[in-house]
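# Prediction below, plus the sequence it came from.
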Amino acid sequence: MNKHQRQGREPADQTTLPDDIGEELSRITTEVIDVSDAPPIAPPAPLSPDEVRTILMSLLLTMFLAALDQTIVATALPTIGRQFNDVSNLSWVITAYLLASTAVAPVFGTLSDIYGRRVMITVSLVLFTVGSILCAVAPNMPVLIVARGLQGLGGGGIMPVVQTVISDVVSPRERGRYQAYFSGVWMAAGLMGPVLGGVFAEHLHWSMIFWINVPLAIGALFLLLPKMGKIPVFHRRRKVDWLGGVLLMASAVVVMLVLSWGGNRYAWLSPAIMAMIGASVALAFAFVWHGRNADEPFLPLPLMGGTVVPYAMVAGGCALGAITGLTVHLPLYYEVVYHLTASEAGLALIPLAAISTCGAAIAGRTMARAKHYKRVAIAGTSAAAIFGAVLTVTTLPLWALLVVLSLFALGLGTTFPVSVVSLQNSVARAQIGTVTGAMNFFRSLMSSFTVAAFSAILLMALGAGISLGEHRGPANAIPVADMITAFHYVFGAATALLACAAVCIILMEERPLAGPSTPAEMAE
């Protein structure tokens with residue numbers, strides 16, 4: 001507003017005042033009048049413990065939906081392939097979900113910072129439910145694959161938005177113990193998914209693995225939406241950088257295709273893989289260039305720097321990659337070396353999955369009480385690296401292997417709550433959704449990379465003539481000594497990942513957590 005415009009609004013009695021004071025009074029009066037026209041906005045009432053508990057239960061149910069659909073489909077794939085008379089495209093039933101969910105994780109996280117958590121969790125659940133219904137009624141394999149991609153869009157949005165809602169409801173000091181509950185949900189989904197998928201496919205119908213999502217999603221919305229109005233609002237409306245989001249998603253999809261096809265459908269040095277790697281690098285450079293020049297970029301690059309965010313992301317990604325890679329490949333080791341059946345090999349994975357949840361619970365409770373909350377994760381990741389080194393250099397009987405894997409998982413699990421809470425605690429409240437989506441995006445890429453890397457290690461050690469996806473036929477003919485040697489390299493790679501996680505936790509800045517003071521802090 002220029003001087004002439006301001007003078008036109010000055011009251012008549014203001015001529016007795018000096019010009020600068022009169023102009024300032026006029027400006028203040030005008031602003032007060034303009035603001036008084038807007039209706040007052042009352043802050044939401046604090047959430048009661050019962051309301052927090054209801055929200056957490058609905059969030060756990062929502063997260064369980066997304067986690068379950070990553071595991072429940074695998075055991076039903078043979079039945080689906082027989083019904084549609086199409087086995088060659090079965091892998092796309094899983095790949096389409098993973099591609100979509102990985103690509104949209106940062107998108108939904110950022111949009112929740114722009115449009116709010118209630119809108120984006122509703123959109124995620126609706127997409128997931130619609131995708132599930134289309135999967136259940138799919139008449140052929142192409143429709144099923146497209147529907148799985150739509151379901152993946154919803155599932156990829158659920159994870160970062162749920163973690164962001166937790167940050168709005170619970171203070172960072174108390175948030176760690178709730179992260180352990182989510183780790184438990186992932187463990188339950190990982191154990192129940194294959195069992196439910198097999199039961200539905202064998203005794204009912206394979207479509208039940210998708211129909212079961214509908215009442216669960218409706219129940220989650222019924223529990224969650226009435227309480228969302230009371231959650232504090234931290235989002236900020238701004239222009240959406242759609243070009244940046246498209247560049248990021250396109251780069252992620254190409255990278256995921258490289259990790260899925262490399263060494264399987266195409267050789268790693270084949271022209272197709274090399275061209276895709278070049279395309280992903282070009283898209284990534286385009287995304288960075290655009291982010292540096294856009295007024296409000298989709299993913300602010302400075303947000304990914306600092307003394308907390310990059311270290312927390314790498315630590316969590318390395319830990320999740322290690323446990324995912326071992327979970328995928330250990331059944332082969334159990335079957336060949338210890339002569340377990342497929343079901344027995346699945347049961348032998350329980351220590352790795354279940355005990356990591358105990359580690360997360362220990363770290364979460366420690367964060368609520370201790371001032372130096374990093375120490376539990378430093379000790380845990382260092383111990384996990386030591387136990388991984390034991391597996392690398394020795395060959396143990398089955399009972400001893402399960403004990404060492406349990407201790408390995410216990411230390412590994414401490415990384416998850418510390419990395420997530422530290423990351424969210426280091427940014428402004430209006431950016432928590434963005435940074436949480438970026439974290440989930442990086443973790444998904446790291447998990448896919450680790451699975452591909454462990455497969456490449458086994459193929460190099462055992463020879464390219466085996467099929468790691470099918471633990472039958474050529475795999476059973478591998479000498480036990482060769483399999484033991486090959487898995488020593490795999491355990492060594494997992495050890496390196498945990499050592500990297502430990503270094504990142506050590507280097508990460510330990511900022512005070514907002515929330516109730518610990519006894520040590522009160523004493524100081």
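Sure thing, it's come through.
# CA atoms for contacts and neighbours, from now on please.
Noted.
# Can you check the distance spanned by stretch 262-273, start to finish?
This stretch, stretch 262-273, spans 7 Å end to end (Cα to Cα, to the nearest Å).
# Low-confidence stretches in this structure?
Applying pLDDT under 70 to the chain flags the ranges 1-49, 88, 176-177, 180, 229-238, 240, 464-477, 514-524.
# ok, now with 50
Along the chain, segments meeting pLDDT under 50 span 1-43, 470-474, 517-524.
# So which residue is dead centre in it?
For the chain, the residue sitting closest to the mean C-alpha position, by Cα atoms, centre = their mean, is N440 at 3.2 Å.
# where's it relative to L247, distance?
For N440, the distance to L247 (Cα to Cα) stands at 17 Å.
# All the helices of the stretch 51-200 of the chain, in order from the start?
77-84, 91-115, 117-136, 141-169, 172-203 (DSSP state H, counting those that start in this stretch).
# Tell me if I'm right that the residue nearest to the centre of the chain and P160 touch.
Yes. Using Cα atoms under 8 Å, N440 is in contact with P160, at 6.5 Å.
# which neighbours do those two share?
Shared contacts of N440 and P160, defined by Cα atoms under 8 Å, 6 or more residues apart in numbering, comprise A105, P106.
# Any chance you could give me stretch 444-460 in PDB, C-alpha atoms only?
The C-alpha trace of stretch 444-460 is given here as PDB (Å, rounded to 0.1, in the frame of the first residue of the first chain):
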ATOM      1  CA  SER A 444      11.300 -48.400   0.800                       C
ATOM      2  CA  LEU A 445      14.100 -47.800  -1.700                       C
ATOM      3  CA  MET A 446      16.700 -49.100   0.700                       C
ATOM      4  CA  SER A 447      14.700 -52.300   1.400                       C
ATOM      5  CA  SER A 448      14.400 -53.000  -2.300                       C
ATOM      6  CA  PHE A 449      18.100 -52.200  -2.900                       C
ATOM      7  CA  THR A 450      19.100 -54.600  -0.100                       C
ATOM      8  CA  VAL A 451      16.900 -57.400  -1.300                       C
ATOM      9  CA  ALA A 452      18.400 -57.000  -4.800                       C
ATOM     10  CA  ALA A 453      22.000 -56.700  -3.400                       C
ATOM     11  CA  PHE A 454      21.600 -59.900  -1.200                       C
ATOM     12  CA  SER A 455      20.300 -61.800  -4.300                       C
ATOM     13  CA  ALA A 456      23.200 -60.600  -6.300                       C
ATOM     14  CA  ILE A 457      25.600 -61.800  -3.600                       C
ATOM     15  CA  LEU A 458      24.000 -65.200  -3.600                       C
ATOM     16  CA  LEU A 459      24.000 -65.500  -7.300                       C
ATOM     17  CA  MET A 460      27.700 -64.600  -7.600                       C
END
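# Centre of the chain to the helix or strand where L402 lies, how far?
Assigned by DSSP states H and E, L402 falls within helix 398-413. Computed by Cα atoms, centre = their mean, to the nearest Å, the separation of helix 398-413 from the middle of its chain amounts to 24 Å.
# ok, now stretch 336-355?
On Cα atoms, centre = their mean, the centre of stretch 336-355 falls 25 Å from that of its chain.
# and if you look at stretch 162-172?
Remark: stretch 162-172 is offset 15 Å from the chain centroid, using Cα atoms, centre = their mean.
# Stretch 426-437 too?
Worked out by Cα atoms, centre = their mean, stretch 426-437 lies 14 Å from the chain centre.
# what comes into contact with it?
105-113, 160-161, 163-164, 167, 234-236, 299, 303-304, 308-309, 420, 423-424, 511.
# Would you state the helices of the stretch 201-350 of the chain in chain order?
208-211, 213-228, 242-261, 271-293, 309-337, 342-347, 350-369.
# What is the neighbour count of the closest residue in space to V214 that isn't next to it in sequence?
Nearest non-adjacent residue to V214, counting by Cα to Cα, 6 or more residues apart in numbering: T129, 5.7 Å away. For T129, the neighbour count with other Cα atoms under 10 Å is 26.
# dump the residue contacts of T129.
Q151, G154, N213, V214, A217.
# Equivalent analysis for G157, please.
Each residue near G157 by Cα under 8 Å, 6+ apart is listed here: S101, V104, A105, V107, F108, G109, M120, I121, S124.
# Could you rerun that using 10 Å?
Listed by Cα atoms under 10 Å, 6 or more residues apart in numbering, the contact set of G157 reads 66, 100-109, 111-112, 120-125, 127-128, 437, 440.
# before we move on, what about A496?
Residues near A496 by Cα under 10 Å, 6+ apart: C318, A322, A385, G388, A389, V490, A502.
# Return the distance of the second one relative to T122.
By that I understand A322. Remark: distance between A322 and T122 (Cα to Cα) = 32 Å.
# neighbour count winner among those two?
A322 (26 against 18).
# What separation is there between the more buried one and V328?
A322 is 10 Å from V328, by Cα to Cα.
# tell me, what's touching the two both at once?
Common neighbours of A322 and V328 (Cα under 10 Å, 6+ apart) are V451, F454.
# circling back: secondary structure element holding the residue nearest to the centre of the chain?
Going by DSSP H and E, N440 is in helix 432-462.
# Helix 309-337 and the helix or strand following that helix, what's the angle between them?
Sequence order places helix 480-507 as the next helix or strand after helix 432-462, per DSSP H and E. Put simply, helix 480-507 runs at 160 degrees to helix 309-337, going by axes from the mean of the first three to the mean of the last three Cα atoms, to 10 degrees.
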